[in-house]
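K.L.:
Got a predicted structure here, sequence first:
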Amino acid sequence: MTLAEILPSLRTSLRAPLEEVWPATASWGAHGDLFVGGVGLAEVAARYGTPTYLLDETDVRTHCRDYLAAFGRDNVAYTAKALLTRGLARWVAEEGLRLYVGSAGELRVALAAGFPADRIVLYGSAKTPEDLTAAYAAGVGAIVVESIGEITRLAATAPPGQRVLLRVIGATDPADGVDRRFGLRIASGDAAAAVARIVAQPRLNLVGLDCSVGHQVSRFNRYEHELHVVLDFLAAMRARHGVSTTEMNLGGGHAVAYSGGDPSLALAAFAGRIRGVLRLVAERHDLPVPRLTVSPGRAIVSRAGVTLYHVVSVTRDQEGRGLVAVDGGMTDCPSGALCGARHSAVLVGRPTSAPSVPTCVVGRHNDVDDVVVPTLALPSDIRPGDLLAVAGTGAYHHSRASNYHLVSRPPLLAVRDGRVNTLVRRESPEDLLRRDVDEPGQS
Ligand SMILES: Cc1ncc(COP(=O)(O)O)c(C=O)c1O
């Protein structure tokens with residue numbers, strides 16, 4: 001008999017320390033339970049079922065504050081496509097961030113939460129007439145222009161004085177392997193042509209430039225190169241058209257870690273370096289230093305999110321590796337299938353001293369792409385009925401969840417100070433049928 005078996009309390013302390021990819025409030029409790037926001041996850045699973053998304057409010061607010069400390073008030077916007085609910089929009093508004101929305105739907109949710117319209121920016125490479133109409137009606141703070149054709153549309157339909165940013169593509173290095181499709185290329189002359197068109201439109205007020213250098217970017221130099229190219233362009237446009245744009249948005253794309261050892265963007269150092277480059281290049285061109293803004297999505301909410309699953313079956317693949325199938329999968333965790341993200345995950349709700357073995361966590365969708373975590377170490381005694389918590393699921397999980405296999409989407413619960421608050425309830429089979437309006441017998 002091992003010491004851990006004789007002294008059950010010791011088992012808890014034998015759990016490996018949590019990697020820095022879990023919410024800031026996460027900690028092990030008694031009997032192998034994991035606590036987030038002061039709430040035991042075993043109890044959450046018993047009360048709300050699984051799969052279930054949790055969002056640690058404190059963690060989200062901490063990331064908002066870290067960004068404001070690094071870039072200054074009014075210089076940080078949260079990009080809603082990572083995750084948006086009314087509750088989350090309220091936290092973001094209370095913390096003093098602005099909001100980037102990419103559709104009339106995101107705008108509607110933000111406005112329903114009372115997000116001030118003048119602090120919202122509408123962006124998108126293919127805005128629909130509905131997106132624009134909703135933005136005009138709300139009086140959003142700015143619209144990002146992302147194609148030449150859009151300028152004519154905006155000039156004909158926008159309210160007089162509509163503030164716009166121009167999305168440009170600066171440093172294009174094929175070696176980056178980044179698909180930079182959205183925006184107007186500086187190198188091709190498209191961005192200059194767009195500026196000429198915008199300044200000729202009395203209804204449009206060009207207040208800034210906007211760019212985006214990719215996703216999960218951890219190296220500062222990608223942003224630095226972009227800033228150099230874009231500021232050179234701004235100086236040329238100032239000389240040619242007298243434009244004095246005040247905002248320079250460097251987008252988001254800041255890397256977050258999904259499991260220990262993954263690179264992430266060091267925020268304070270990044271902000272310092274980028275501000276230094278901004279000052280230097282602006283001085284070189286004798287330009288007034290524009291206001292540097294950022295619009296992260298993932299980096300604000302990713303780490304705050306945890307998904308709970310029950311294990312449904314445990315088998316082995318042809319190499320003898322454990323295959324743990326859970327009651328969710330690619331419908332609620334698209335990052336595994338779409339981006340190959342390797343989330344950290346732990347067994348929750350019972351102590352174990354079993355050794356950890358390489359395991360693959362798969363979903364319930366009868367699809368070879370249905371992988372939640374391709375490989376991670378889990379206790380060898382994992383069995384059906386066990387509870388599994390997956391870290392780093394705050395961004396692009398709920399917002400990208402689907403009904404593939406007509407599986408209902410999980411609820412999203414906020415946790416804070418020992419309390420649970422439902423942000424989005426679980427989808428019911430009735431919800432699915434409500435959209436299926438075909439009545440039997442009707443042609
Ligand atoms: C314009 C813009 N800004 C910011 C983001 C946020 O990216 P991330 O969630 O990687 O920070 C996106 C995402 O595509 C984007 O299109």
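P.N.:
Noted; the coordinates are in hand.

K.L.:
burial of Asp367, as a residue count?
P.N.:
15 (other Cβ atoms under 10 Å). Where C-beta positions appear, they are placed from N, C-alpha and C, glycine not excepted.

K.L.:
Checking my notes, it in a helix, right?
P.N.:
No: assessed with DSSP: H, G, I helix; E, B strand; the rest coil, Asp367 is coil; it does not lie in a helix.

K.L.:
Tell me how many other residues surround the closest residue to the ligand within the stretch 301-443 of the chain.
P.N.:
Nearest residue of the stretch 301-443 of the chain to the ligand (Cβ to the nearest ligand atom) works out as Ala395 at 6.0 Å. Using other Cβ under 10 Å, Ala395 is surrounded by 24 other residues.

K.L.:
next one: Thr128
P.N.:
Thr128: 11 surrounding residues under other Cβ under 10 Å.

K.L.:
With Arg273 instead?
P.N.:
Neighbourhood size, Arg273 [other Cβ under 10 Å]: 16.

K.L.:
max-length helix in the protein?
P.N.:
Using DSSP state H, we find that the single longest helix of the chain is helix 220-241.

K.L.:
What is that one packed up against?
P.N.:
The contact analysis (3 or more Cβ pairs under 8 Å, 6 or more residues apart in numbering; DSSP states H and E) places helix 220-241 against helix 190-199, strand 204-210, strand 247-249, helix 267-284.

K.L.:
Span of stretch 341-352 from start to end?
P.N.:
End-to-end distance of stretch 341-352 (Cα to Cα, to the nearest Å): 27 Å.

K.L.:
before we move on, the earlier item: the helices and strands packed on helix 220-241: which one's closest to the ligand?
P.N.:
Nearest to the ligand, of all these, is strand 204-210, at 6.7 Å by Cβ to the nearest ligand atom.

K.L.:
Report the distance from that closest one to the chain centre.
P.N.:
Its chain's C-alpha centre and that of strand 204-210 lie 25 Å apart, by Cα atoms, centre = their mean, to the nearest Å.

K.L.:
Please list the outside residues in contact with it.
P.N.:
Under the criterion Cβ atoms under 8 Å, 6 or more residues apart in numbering, residues 123, 142, 144, 151, 154-155, 158, 161-168, 183, 195, 198-199, 230, 233-234, 243, 245-249, 251, 290-291, 293 lie in contact with strand 204-210.

K.L.:
quick revisit: could the helices and strands packed on helix 220-241 be laid out in a markdown table, adding distance to Arg435 and mean pLDDT?
P.N.:
Formatted as a markdown table, those follow (distance: least, Cβ to Cβ, whole Å; pLDDT from 0 to 100):
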| stretch | distance to Arg435 | mean pLDDT |
| --- | --- | --- |
| helix 190-199 | 40 | 97 |
| strand 204-210 | 35 | 97 |
| strand 247-249 | 37 | 95 |
| helix 267-284 | 41 | 94 |
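
K.L.:
Kindly reformat these as a markdown table containing distance to Leu97.
P.N.:
As requested, those are arranged in a markdown table below (distance: least, Cβ to Cβ, whole Å):
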| stretch | distance to Leu97 |
| --- | --- |
| helix 190-199 | 27 |
| strand 204-210 | 16 |
| strand 247-249 | 13 |
| helix 267-284 | 14 |
